[in-house]
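Participant: this is the structure alone, sequence omitted:
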């Protein structure tokens, strides 16, 4: 069959055809993987086309219809159709050219699969079943425990007043948001607790105007109103803080190991899951003071304090974008290990992860947290290092 340098072709359809064929062959470079990832993530239409073209059953069906001896003839026919479609595209619509690209890639895919079958080399693919429909992306879910011990499911509670007393007023103005307003000064308030489950997130505005975003599996304890010389809250999990400035009343965040983060007005992220090997405090804006046992660290924007068996340590030049991506509705993986990637996915989709293989290769991707699990895993496979199977609410990591 005649050699064709698809990578040198200027038309977008040819370029995408080349990239998808390279994905099937596992011959793409890191830069080409990133280019294909960007295109797939550009629209649901692109994602659907990619899934159709890389689906093993589609490739087999196409192979059954094709006589490989006549591939050159088919190629010429498709080429002519594509040229015709390009003229129509310039005048009217965009999608026709992609359907032509689909035909190109199916031909390539069929040939590749045929060669692989001859060599008895198994084709790797993401296997998805009905369980994936139950592993939905997370959403605005939280449980509020009031001072008297009563519990409110904010996922089902109607918008409006949630709790009101002499010193504070708690209101749910919209889905995913809880707002406190201070009424009068009074004695120290009993603590409220806001807890998100696996696959949950929530935002709360405290009585002093400070805002806190809670990631999945997180609990924040706080008074309904702040009185006294300090504003003190407790967190277990992951939360992003945007603190209202008040130098006369410092804001203190207490971690599960009793470490204390002290600020007057700033923005920072705290990751302190009990299952994590290290607790992390990452400063985005302003200043924070981190104290652990007898050691202390002052942070500047873009720096991070970690608390682990090695003690309290300070790090500079941290990747802030990947750390706070969750707060902006994104999974941001920059040179991330497979374990770090799957920990976030496990927590957000409520899945169990089993490793049938691990890779030392680092993964790179930026994906919306609202994406269906099969699509997210397909996008991760574009890195070319791992494959996945979903079965019985479990994600299996495959070589």
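Facilitator: Alright, I've got the coordinates. Predicted model only: the values in this text are computed from it and were never measured. Numbers count the residues shown, from 1 in each chain.
Participant: is it true that residue 288 touches residue 281?
Facilitator: Yes. In this structure, residue 288 is within contact of residue 281 by Cβ atoms under 8 Å, at 6.7 Å. Backbone N, C-alpha and C define where each C-beta goes, glycine included.
Participant: mutual contacts of the two, please.
Facilitator: Residues touching both residue 288 and residue 281 (Cβ atoms under 8 Å, 6 or more residues apart in numbering) are 261, 268, 299.
Participant: mind putting the residues you listed into CSV with neighbour count?
Facilitator: Output for the shared contacts of residue 288 and residue 281, formatted as CSV (neighbours: other Cβ atoms under 10 Å):
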residue, neighbour count
261, 25
268, 26
299, 23
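Participant: out of the residues you listed, which comes closest to residue 364?
Facilitator: In terms of Cβ to Cβ, no member of the shared contacts of residue 288 and residue 281 lies closer to residue 364 than residue 268, at 25.1 Å.
Participant: what bridges to that closest one?
Facilitator: Listed by DSSP bridges, the beta-bridge partners for residue 268 are residue 241, residue 283.
Participant: pLDDT score for it?
Facilitator: On pLDDT, residue 268 comes in at 98.
Participant: for the spatially most central residue of the chain, give me its contacts.
Facilitator: With distances taken as Cα atoms, centre = their mean, residue 331 lies nearest the centre of the chain, 2.3 Å away. Going by Cβ under 8 Å, 6+ apart, residue 331 touches 325, 341, 344, 345, 348, 365, 366, 367, 368, 369, 376.
Participant: ok, now how distant is residue 310 from residue 292?
Facilitator: Distance of residue 310 to residue 292, given as Cβ to Cβ, to the nearest Å: 11 Å.
Participant: settle it for me: which of those two has more neighbours?
Facilitator: Using other Cβ atoms under 10 Å as the criterion, residue 310 and residue 292 rank with residue 292 on top: 22 against 8.
Participant: correct me if wrong: that one contacts residue 259.
Facilitator: Yes. With contacts counted by Cβ under 8 Å, residue 292 reaches residue 259, the gap being 4.3 Å.
Participant: including distance to residue 146, could the shared contacts of residue 288 and residue 281 go into CSV?
Facilitator: Output for the shared contacts of residue 288 and residue 281, formatted as CSV (distance: Cβ to Cβ, whole Å):
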residue, distance to residue 146
261, 26
268, 27
299, 34
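Participant: still on that earlier bit, sec struct for the residue nearest to the centre of the chain, please.
Facilitator: strand (DSSP: H, G, I helix; E, B strand; the rest coil).
Participant: kindly report the same for residue 301.
Facilitator: Here residue 301 is recorded as coil under three-state DSSP.
Participant: now swap in residue 258 and tell me
Facilitator: Note that with three-state DSSP, the state of residue 258 is coil.
Participant: next one: the residue nearest to the centre of the chain from residue 365, what distance?
Facilitator: Separation of residue 331 from residue 365 (Cβ to Cβ) stands at 7 Å.
Participant: could you chop this protein up by domain?
Facilitator: When the chain is parsed with automatic domain parsing, its domains come out as 6-118, 130-134+330-398, 140-322.
Participant: least reliable of those by average pLDDT, please.
Facilitator: domain 6-118 (a mean of 60).
Participant: just checking, what packs against whatever helix or strand residue 389 lives in?
Facilitator: Per DSSP states H and E: residue 389 is located in strand 387-391. In terms of contacts (3 or more Cβ pairs under 8 Å, 6 or more residues apart in numbering; DSSP states H and E), strand 387-391 is packed against helix 373-381, strand 394-398.
Participant: quick one, which of these is packed in tightest?
Facilitator: helix 373-381 (a mean of 22; mean count of other Cβ atoms under 10 Å).
Participant: name the helices or strands packed onto that helix?
Facilitator: Going by 3+ Cβ pairs under 8 Å, 6+ apart, helix 373-381 lies up against helix 30-40, helix 44-54, helix 338-349, strand 363-368, strand 387-391.
Participant: now distance to residue 174 too, for the ones you listed, in TSV please.
Facilitator: Output for the helices and strands packed on helix 373-381, formatted as TSV (distance: least, Cβ to Cβ, whole Å):
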stretch	distance to residue 174
helix 30-40	32
helix 44-54	26
helix 338-349	21
strand 363-368	21
strand 387-391	33
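Participant: of these, which is nearest residue 225?
Facilitator: Of all these, it is helix 338-349 that lies closest to residue 225, at 31.5 Å by Cβ to Cβ.
Participant: beyond that closest one, next helix or strand please.
Facilitator: With elements assigned by DSSP H and E, the helix or strand that comes after helix 338-349 is strand 352-355.
Participant: chain center to that next one, what's the gap?
Facilitator: Remark: strand 352-355 is offset 17 Å from the chain centroid, using Cα atoms, centre = their mean, to the nearest Å.
Participant: list the buried ones in it?
Facilitator: By neighbour count with 16 or more other Cβ atoms under 10 Å, strand 352-355 contains the buried residues residue 353.
Participant: got a list of contacts for it?
Facilitator: 338, 342, 343, 345, 346, 393, 394, 395, 396, 397.
Participant: who does that strand pair up with?
Facilitator: Strand pairing for strand 352-355, determined by DSSP bridges: strand 394-398 (parallel).
Participant: so the partner strand versus strand 387-391, what angle?
Facilitator: Relative orientation of strand 394-398 and strand 387-391, computed by axes from the mean of the first three to the mean of the last three Cα atoms, to 10 degrees: 150 degrees.
Participant: give me the contact list for strand 394-398.
Facilitator: 124, 131, 135, 338, 342, 345-346, 351-358, 373, 377, 386-390.
Participant: distance from that strand to the middle of the chain?
Facilitator: The chain centroid and the centroid of strand 394-398 are separated by 17 Å, computed with Cα atoms, centre = their mean.
Participant: can you pull the contacts of residue 39?
Facilitator: Counting by Cβ under 8 Å, 6+ apart, residue 39 touches 16, 19, 46.
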